[in-house]
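Engineer: Next input, structure requested:
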Amino acid sequence: MNTLLRITLPLLFATSTALADNGTPAALDDGWKVADAGKLGWNTGLFESAGKKIADGTWKGTTSLLVAHKGQLIHESYYNEGSLEHLNDTRSLTKTVTAMLVGAAIDRDLIASVDERVFDAFKDRPAPKNPDPRKNAITLEDLLTMSSLLECNDENQFSSGNEERMYVTEDWIGFVLDLPIKGFAPWDTKPSDSPHGRSFAYCTAGSFLLGAVIERASGKRLGEFSAEVLEAPLGIDRVQWNQAPDGTGIGGGGTRFRSRDLAKLGELLRKGGEWNGQRVLPKDWVDRMLTVRAQARDDADYGYQIWKFRFARKGKQVDTWAMAGNGGNYVFIAPSLDLVAVVTSTAYNQRFAHPQSQQIFSEIVLEAMP
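Structural biologist: A predicted model of the protein is given here:
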């Protein structure tokens, strides 16, 4: 894998010198329109309070907070090791990017549709273990919605497909293809009894396999394909894509982006596939991504490799889509509010990480809105 030189800021709480002291973003040549949140009626005192809580350790590990409203970047702050040029290890947030790339491949007729059978893309490989007609019937949509019948669950340490088991093998593709079909204990909810007809199980191995399908369909490395169809149109020129031991791009996690570029990905989804008037992804694909496909938990739903949460603001529910990754890394997209927010964090494998970043979005960003 590629290595990355990190420069740690000498202060616990520091803001990039390219930014104004009040968190107003600088006008840079990166495609972002910028505005002063205070002049737009935002309660900027809440942003200042967030900075204080991060500085005194009340909120741990947070490295950046960016907010875009109605297509303008209106707040940008960096903390701890965060900075304007820092490449954030976003972990599973990558999964949503992989879903975008599936859509780009379908748009270019490299993949027929989400109904394509996954195992058909790997017919040149040795016959997988645990053969079963139900494995052969697994589609791209099954992987996109975390609802395939493969016995794969990252939240169960005993699962055959737990991501940690994959990471210690050499052949990650073979690892996924060899997984058995899962069974349903009496206390498990079967697909036929689940909302939307899909039984959700979080499976990074399935997301990795999506990336492998894209590589085979495009004839390019995942990072190369992403640079061509997604990053270049968005003006993103610094990214780190990682690779499995055999060189396959890792579509399940770990890609590193700058915070401003993460905000661009969120804005692309908010605008239905457009960035600054340019069509990057088909609108119908973004609509498909941002449609509930499975119930992930009692408090969260799932689309195509993206979460949907329900927050509250002024007594009303705010449906919010979220690209999310270990450590508390988030890109929040609230279409009804024309809002995108980025929270990056290095609180990896900490129980407080996700609740903390969601709290920052709820108590700071939503409450600060005019």
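Engineer: Closest to the centroid, which residue in the chain?
Structural biologist: For the chain, the residue nearest the mean C-alpha position is residue 93 (2.5 Å; CA atoms, centre = their mean).
Engineer: Does it touch residue 328 like I think?
Structural biologist: No - between residue 93 and residue 328 no contact is recorded; they are 10.4 Å apart, counting by CB atoms under 8 Å. (Glycine included, C-beta is placed from N, CA and C.)
Engineer: longest strand of this protein?
Structural biologist: Under DSSP state E, the strand in the chain containing the largest number of residues is strand 316-325.
Engineer: Okay, buried residues for that one please.
Structural biologist: For strand 316-325, burial by neighbour count (16 or more other CB atoms under 10 Å) applies to 318-325.
Engineer: Repeat that for stretch 149-160.
Structural biologist: Using 16+ other CB under 10 Å as the test for burial, stretch 149-160 gives 149-154, 159-160.
Engineer: and which of these is nearest residue 230?
Structural biologist: residue 154 (25.2 Å; CB to CB).
Engineer: Now for that closest one: which residues touch it?
Structural biologist: Applying CB atoms under 8 Å, 6 or more residues apart in numbering, we find residue 154 in contact with 162-163, 202-204.
Engineer: cutoff 6 Å now
Structural biologist: With CB atoms under 6 Å, 6 or more residues apart in numbering as the criterion, the residues that contact residue 154 are 162-163, 202, 204.
Engineer: Could I get the residues you listed in TSV, plus columns for secondary structure and neighbour count?
Structural biologist: Shown next, in TSV, are those (DSSP: H, G, I helix; E, B strand; the rest coil; neighbours: other CB atoms under 10 Å):
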residue	secondary structure	neighbour count
162	coil	19
163	helix	22
202	coil	19
204	helix	25
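Engineer: still on that earlier bit, show me the strands paired with the longest strand of the chain, marking each as parallel or antiparallel.
Structural biologist: Strand 316-325 has its sheet partners listed here by DSSP bridges as strand 307-313 (antiparallel), strand 329-334 (antiparallel).
Engineer: any chance of those strands in TSV, plus mean pLDDT, distance to residue 268 and mean neighbour count?
Structural biologist: Output for the strands paired with strand 316-325, formatted as TSV (pLDDT from 0 to 100; distance: least, CB to CB, whole Å; neighbours: other CB atoms under 10 Å):
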stretch	mean pLDDT	distance to residue 268	mean neighbour count
strand 307-313	98	17	16
strand 329-334	99	9	28
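Engineer: would a markdown table of those with distance to residue 120 be doable?
Structural biologist: Formatted as a markdown table, those follow (distance: least, CB to CB, whole Å):
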| stretch | distance to residue 120 |
| --- | --- |
| strand 307-313 | 29 |
| strand 329-334 | 32 |
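Engineer: element containing residue 262, please.
Structural biologist: Element membership of residue 262, judged by DSSP states H and E, is helix 259-270.
Engineer: From the chain's centroid, how far away is the helix or strand just after that helix?
Structural biologist: Sequence-wise, the next helix or strand downstream of helix 259-270 (DSSP H and E) is strand 274-275. Relative to the chain's own centre, strand 274-275 is displaced by 18 Å; criterion: CA atoms, centre = their mean, to the nearest Å.
Engineer: Sheet-wise, list the partners of strand 274-275 with their directions.
Structural biologist: Paired neighbours of strand 274-275 in the sheet (DSSP bridges): strand 278-279 (antiparallel).
Engineer: now the partner strand: mean pLDDT?
Structural biologist: Taken as a whole, strand 278-279 has an average pLDDT of 98.
Engineer: coming back round to it: so for residue 283, which of the strands paired with strand 316-325 sits nearest?
Structural biologist: Within the strands paired with strand 316-325, the stretch nearest residue 283 is strand 329-334; the backing value is 14.9 Å (CB to CB).
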